[in-house]
Structure formats: C-alpha cells, structure tokens
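# missing the sequence, but the structure's below:
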C-alpha cells in the first residue's frame, strides 16, 4: 500500500479550483454572532503512518517523541513487530491512547476476529478501512465493499468498537456516472459505517468537504488533517491553502470526535508532526 500512496502523491495531477482549496462556497455560509465564543479542538491525535520509518527502527523512542510534542492520542498503522499487548504497554508508559487503527479489506475478509481482539486489547474506539484495491473500484465493487464493511461494523459494534472508512482521491473519480465515495455512503449502513474524511485527499479529488459534512451529518466522527498547496502538493497543516477554521466549524456540526494529523511523505517526520500540532493547538474557529 505504501508504494501506491506514494504514486498518488507524485502523480495525482492538476490545479484545483480556488473555491475548493480555500473553503468551497457551495454550502451557504451560516452567520455567526461576532460575540459567539470561539471553539478549540481539544485533543489532537497523530496517525502513526506519518512516523512509520521511525517506528520501524524504534517504537518506544518514537512514541516518546510523539508524546513529547503533546500528542496524547494516536491512530495506528500496523504494530511494527509488536503484539497488541506489547504496543498497549508502550503507549501506556507514555500516556498515549490508541483511539483507532487502520486495517485492510483483507483483514476484514480473513482476520476480522483477530483484528477485533487486537483492537480490544489496545483499547481502541474505532477501526478504519483505508483502501479499496483498484480492480474493485467499480459500481459492483464499491457496493460489495460497502456491504462487507457493514457486516464487519456490526461485528465490531458487538465488541464496543466503531468502524469507519478512510478516503483517498480515487473514490471521487466518476464510475458509470457516480462517485465511488457516494456509493459507499449510500450502500453501507449509516448507523454502523462511519467516515474518516481525509481533507487533503477529498480536496485533491476536486470535491467539497463542507458539502459532505452538511449532507451526511453524523457520519464523520474523524478527520485526517493535512494541507495542500495550490499546485496540489501535501504539506503540514497550516502551510497550505485549506481554510481550517471553516473546515472545523462544519466538521463539528457533522459529529467530529477525533482529529488525526497525517503526512504521507514527511520530509522530517517529528518536525512535521510538531508543526501541524502547533498550528492546530492554537487554532480557534
């Protein structure tokens, strides 16, 4: 999956409309009183895919560095040769909680009971599927995946664990006149299958996050925060063109619980995680 994600970053093309980059205007603005109190995010998490190269060498040292920045919540991207029990012990030692993890469709199809056992050991609130393989990106394939995720989500619910799907940009490419993301939303059970909206990738795909927040309120308990430049490059949060206060105002109305910083190819993983944390920690909206 790593090579595919890198290919997206290198090859996904084109300038995006300024309205999408700067906070699309398709959703009517809701007037806010000038005297209304400003909100803050609270806890900010880190998707550990951001620091995966460091985790491969030194799990405990990396978690310690992440905690030192101020992150008290993380989303796992694999266990890096640790058992769930060992990973939980490392996180506990540094006062960090694994709120979520990413697990593939293959895990759903072949190892779901074990995946749920690990999530329970780690104390997770959610498990997230982050990928649908290219041959399945058809109307029939998206529909099948949506139904499979609903079944998996029902099994997770019985264990007290939520389930969500994380997008890239391919879900926003038309398939027989429909968007793959819209098929997933329509064909999965909204009470069971939630969405972790990756803000960079939906903007990269030419779509409006605010419109989805407004039309599917309650389905977005998590977002991935990463920024985008005018020419479509991924950068640290606050270093690009996305109107983050506007994003969070709409996301909160849509049920946002957890915000995970992520950078797919960070030049300096810890420094980049620090930059995004500092921006979001000081953000009001």
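It's in. Since we're looking at a predicted model, the values are computed, not measured. Numbers count the residues shown, from 1 in each chain.
# Ramachandran angles for the residue nearest in space to the middle of the chain?
Compute the mean C-alpha point of the chain, and by C-alpha atoms, centre = their mean the closest residue is residue 224, 3.6 Å away. The phi and psi values for residue 224, taken as degrees, to the nearest 10, are phi -100, psi 130.
# likewise residue 74?
phi -140, psi 160.
# Residue 199 too?
Main-chain dihedrals, residue 199, degrees, to the nearest 10: phi -70, psi -40.
# who's in contact with it?
209, 223-226, 242, 247 (C-beta atoms under 8 Å, 6 or more residues apart in numbering). The way it works is simple: take the backbone N, C-alpha and C, and place the C-beta from them, glycine included.
# Can you tell me which of the residues you listed has the most neighbours?
Greatest neighbour count in the contacts of residue 199, by other C-beta atoms under 10 Å, goes to residue 225: 30 neighbours.
# if we can go back for a sec, okay, and which of the contacts of residue 199 map to strands?
Counted as lying in strands by DSSP state E, out of the contacts of residue 199, are 223-225.
# quick one: which of those residues is nearest residue 255?
For those, the residue nearest residue 255 by C-beta to C-beta is residue 223; the value is 10.6 Å.
# hang on, that closest one packs against residue 195?
No. Using C-beta atoms under 8 Å as the test, residue 223 is too far from residue 195 to be in contact (9.0 Å).
# circling back: am I right that the residue nearest to the centre of the chain is in contact with residue 195?
No. Here residue 224 lies out of contact with residue 195, judged by C-beta under 8 Å, at a distance of 10.9 Å.
# Give the intersection of the neighbour lists for the two.
With C-beta under 8 Å, 6+ apart, residue 224 and residue 195 have common neighbours residue 166.
# coming back round to it: quick one: which of the ones in strands among the contacts of residue 199 is nearest to residue 257?
residue 223 (9.6 Å).
# can you tell me which helix or strand the closest residue to that closest one other than its chain neighbours belongs to?
Once flanking residues are discounted, residue 223 sits nearest to residue 197: 4.9 Å by C-beta to C-beta, 6 or more residues apart in numbering. Per DSSP states H and E: residue 197 is located in strand 193-198.
# Check residue 200 too.
helix 199-204.
# re the thing from before, so how far is residue 82 from the residue nearest to the centre of the chain?
23 Å (C-beta to C-beta, to the nearest Å).
# now residue 267
As defined by C-beta to C-beta, residue 267 lies at a distance of 27 Å from residue 82.
# Between those two, point out the one with more neighbours.
Taking neighbours as other C-beta under 10 Å, residue 267 and residue 82 compare with residue 82 leading, 15 against 9.
# give the contact list for residue 162.
Contact analysis of residue 162 by C-beta under 8 Å, 6+ apart lists 125-127, 153, 156, 194, 221.
# Mind putting the residues you listed into TSV with secondary structure?
Shown next, in TSV, are those (DSSP: H, G, I helix; E, B strand; the rest coil):
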residue	secondary structure
125	coil
126	strand
127	strand
153	helix
156	helix
194	strand
221	coil
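# Can you turn the buried part of these into a PyMOL selection?
The PyMOL selection below is limited to those of the contacts of residue 162 classed as buried (16 or more other C-beta atoms under 10 Å):
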select buried, resi 125+126+127+153+156+194+221
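# ok, the contacts of residue 162 vs residue 102, which is closest?
residue 127 (8.0 Å).
# doesn't residue 101 make contact with that closest one?
Yes. With contacts counted by C-beta under 8 Å, residue 127 reaches residue 101, the gap being 5.8 Å.
# Need the residues touching each of the two.
residue 119.
# Correct me if wrong: residue 209 contacts residue 195.
No. Using C-beta under 8 Å, residue 209 makes no contact with residue 195, being 10.8 Å away.
# what number of residues lie near residue 95?
If you count neighbours by other C-beta under 10 Å, residue 95 ends up with 10.
# Likewise for residue 135?
As a burial measure, residue 135 scores 7 neighbours (other C-beta under 10 Å).
# where exactly do the helices run in this structure?
Ranges of helices in the chain, per DSSP state H, are 2-11, 18-21, 52-57, 59-69, 84-93, 105-110, 112-122, 139-158, 180-187, 199-204, 209-215, 244-253, 269-281.
# Now distance to residue 232 too, for those helices, in TSV please.
TSV is the format used below for the helices of the chain (distance: least, C-beta to C-beta, whole Å):
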stretch	distance to residue 232
helix 2-11	9
helix 18-21	9
helix 52-57	23
helix 59-69	27
helix 84-93	34
helix 105-110	27
helix 112-122	34
helix 139-158	24
helix 180-187	19
helix 199-204	6
helix 209-215	16
helix 244-253	18
helix 269-281	18
